[in-house]
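>>> coordinates only, no sequence provided:
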């Protein structure tokens, strides 16, 4: 689940499972009121169990006419100006020692009052919902920033909201139901003050969308991204379960000895990308030829991302359909991506693949669990449990000193991941059985069970912050659907 973009924009993190369509989950956890989850922790292992419906994002390629492109550019610009005006107003109030501007006060200043002035009268040329959503994104970015510095938000630190620029390669505007967007009888997307957009429908929407985001990416392509509430499609239960060990040369290894070779889409396209990037560097800055060369580079990268994502979809779908429970290792991808194997780690894209497994398991009634990253799966014998020394990356065969086991190191790790996942599942069941319906322990005086802490999941926030301050935003995360 993907990716230079301004994190102050809504993120879908990245397009199309096919060339034209791709569906994504709004966030790693379903939206508030749609789904509940249990976050269970045992040692270094965590598991998320979903229930009820999930909120998915379906992206479709759109083909605006020249006039509609002009209207969309106007809407992108107005949303950017309103966002920056709100950011400027709050920064000026902070520097002057004034109280923090509330959301309502900020909306009144940068929208209601600004439209009455001669300098901002042209804001009335676009839908007011687009401008309101831009202010909402700014408010969300500030809430994420404050939650991060106060410790309420976990994970990487979130920086202050960053200015949006007209030179950004990615632009987005959002329409909610208040904007009264609609899909016409001729299968076109009708947007207020923009017109009827031609959409390349690759599938029917499962339900009425609650919002649509129009996105222009770095390659100059336009997409319409619909948010839809869906019910989980539960698959028939089966007995099989599996553990997956992810790697670089061998992308995935399974306990039964099967391995999946890494396709290395970026490495395969490296020669073409090098030529295009070299041609771009030779163009004069600010010239039309440089702009054309930049688009050619962006399109080449988009083809790599599309191929990788399509392959992820096919593999993750097969794994979910063939197994009732799937266990993976919780890898520190951000740390591994800072080493000498950074390009290979980014090319592998483990996080996006694991995210697909997670949400597809939730959608289809499968069990998904992450094994703690500090579990010694590579150094432990899957046959007798012997704990050996650390293995270098050049050592591909695991040889046990406690038994005659000689096995591929990745397959041995996959078997250990499966064993740890089964222990996690058994511990989860025991915790659930020891709690009553209210979440309190059955035995008097016992500690409260983690399984009892069931709470609504947070909404997916469409906002973000400066790219240098955070590796991921609180915005929409792009996790493709099955």
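Structure's in. What do you need? Since the model is a prediction, treat every value here as computed from it, not as a measurement.

>>> could you use CA atoms for every contact and neighbour count after this?
Noted.

>>> tell me who's in contact with residue 115.
Residues near residue 115 by C-alpha atoms under 8 Å, 6 or more residues apart in numbering: 121-124.

>>> now these: which count as buried?
Listed as buried from the contacts of residue 115 are residue 123; burial here means 16 or more other C-alpha atoms under 10 Å.

>>> in a markdown table: the contacts of residue 115, plus secondary structure.
Below are the contacts of residue 115 laid out as a markdown table (DSSP: H, G, I helix; E, B strand; the rest coil):
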| residue | secondary structure |
| --- | --- |
| 121 | helix |
| 122 | helix |
| 123 | helix |
| 124 | helix |
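
>>> of the contacts of residue 115, which is the nearest to residue 256?
Nearest to residue 256 among the contacts of residue 115: residue 123, at 61.5 Å, using C-alpha to C-alpha.

>>> where does that closest one land on pLDDT?
As predicted, residue 123 sits at a pLDDT of 94.

>>> where along the stretch 151-300 of the chain do the helices fall?
Under the criterion DSSP state H, counting those that start in this stretch, the stretch 151-300 of the chain carries helices at the ranges 265-268, 270-281, 288-322.

>>> what packs against the second one?
In this structure, helix 270-281 packs against helix 288-322, with contacts taken as 3 or more C-alpha pairs under 8 Å, 6 or more residues apart in numbering; DSSP states H and E.

>>> again, but for the first one
Using 3+ C-alpha pairs under 8 Å, 6+ apart as the contact criterion, the neighbours of helix 265-268 among helices and strands are helix 288-322, helix 342-348.

>>> looking at the ones you listed, which is closest to residue 384?
Across the helices and strands packed on helix 265-268, residue 384 has its closest neighbour in helix 288-322 (27.5 Å, C-alpha to C-alpha).

>>> immediately after the closest one, which helix or strand?
Using DSSP states H and E, the next helix or strand after helix 288-322 towards the C-terminus is strand 325-329.

>>> show me the contact partners of that next one.
Strand 325-329 has contacts (C-alpha under 8 Å, 6+ apart) with 240-246, 319-320, 354, 366-373, 417-418, 421.

>>> show the average pLDDT along it.
Strand 325-329 comes out at a mean pLDDT of 93.

>>> tell me the angle it makes with helix 288-322.
130 degrees (axes from the mean of the first three to the mean of the last three C-alpha atoms, to 10 degrees).

>>> neighbouring strands of strand 325-329 in the sheet, and parallel or not?
Take DSSP bridges as the rule and strand 325-329 pairs in its sheet with strand 241-246 (parallel), strand 367-371 (parallel).

>>> let's have these in a markdown table, adding distance to residue 100.
Formatted as a markdown table, the strands paired with strand 325-329 follow (distance: least, C-alpha to C-alpha, whole Å):
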| stretch | distance to residue 100 |
| --- | --- |
| strand 241-246 | 47 |
| strand 367-371 | 41 |
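
>>> export the helices of the stretch 151-300 of the chain to JSON lines and tack on mean pLDDT, distance to residue 61 and mean neighbour count?
Converted to JSON lines, these look like this (pLDDT from 0 to 100; distance: least, C-alpha to C-alpha, whole Å; neighbours: other C-alpha atoms under 10 Å):
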{"stretch": "helix 265-268", "mean pLDDT": "94", "distance to residue 61": "23", "mean neighbour count": "16"}
{"stretch": "helix 270-281", "mean pLDDT": "95", "distance to residue 61": "24", "mean neighbour count": "15"}
{"stretch": "helix 288-322", "mean pLDDT": "94", "distance to residue 61": "13", "mean neighbour count": "18"}
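
>>> turn the ones you listed into JSON lines, columns for distance to residue 107.
JSON lines is the format used below for the helices of the stretch 151-300 of the chain (distance: least, C-alpha to C-alpha, whole Å):
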{"stretch": "helix 265-268", "distance to residue 107": "44"}
{"stretch": "helix 270-281", "distance to residue 107": "42"}
{"stretch": "helix 288-322", "distance to residue 107": "36"}
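
>>> what about those helices, which gets the closest to residue 214?
Residue 214 lies closest, by C-alpha to C-alpha, to one member of the helices of the stretch 151-300 of the chain: helix 288-322, at 17.7 Å.

>>> so what's residue 255 closest to, chain neighbours aside?
residue 415 (4.6 Å; C-alpha to C-alpha, 6 or more residues apart in numbering).

>>> try residue 299
Using C-alpha to C-alpha, 6+ apart, the closest residue to residue 299 is residue 219 (5.1 Å).

>>> residue 225 too?
Using C-alpha to C-alpha, 6+ apart, the closest residue to residue 225 is residue 59 (4.2 Å).

>>> ramachandran angles for residue 335?
Backbone geometry at residue 335, expressed as degrees, to the nearest 10, gives phi -70, psi -40.

>>> and it, how far is that from residue 73?
According to C-alpha to C-alpha, to the nearest Å, residue 335 and residue 73 sit 38 Å apart.

>>> okay, those two: which has more neighbours?
A direct count of neighbours by other C-alpha atoms under 10 Å for residue 335 and residue 73 places residue 73 higher, at 16 against 9.

>>> ok, which of the helices and strands packed on helix 265-268 comes nearest residue 168?
helix 288-322 (12.5 Å).

>>> one step back: can you turn the buried part of the contacts of strand 325-329 into a PyMOL selection?
Buried subset of the contacts of strand 325-329, written as a PyMOL selection, criterion 16+ other C-alpha under 10 Å:
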select buried, resi 241+242+243+244+245+246+319+320+354+366+367+368+369+370+371+372+417+418+421
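
>>> separation between residue 237 and residue 124?
For residue 237, the distance to residue 124 equals 55 Å [C-alpha to C-alpha].

>>> any regions of the protein where pLDDT drops low?
Filtered on pLDDT under 70, the chain yields the residue ranges 1-53, 435-482.
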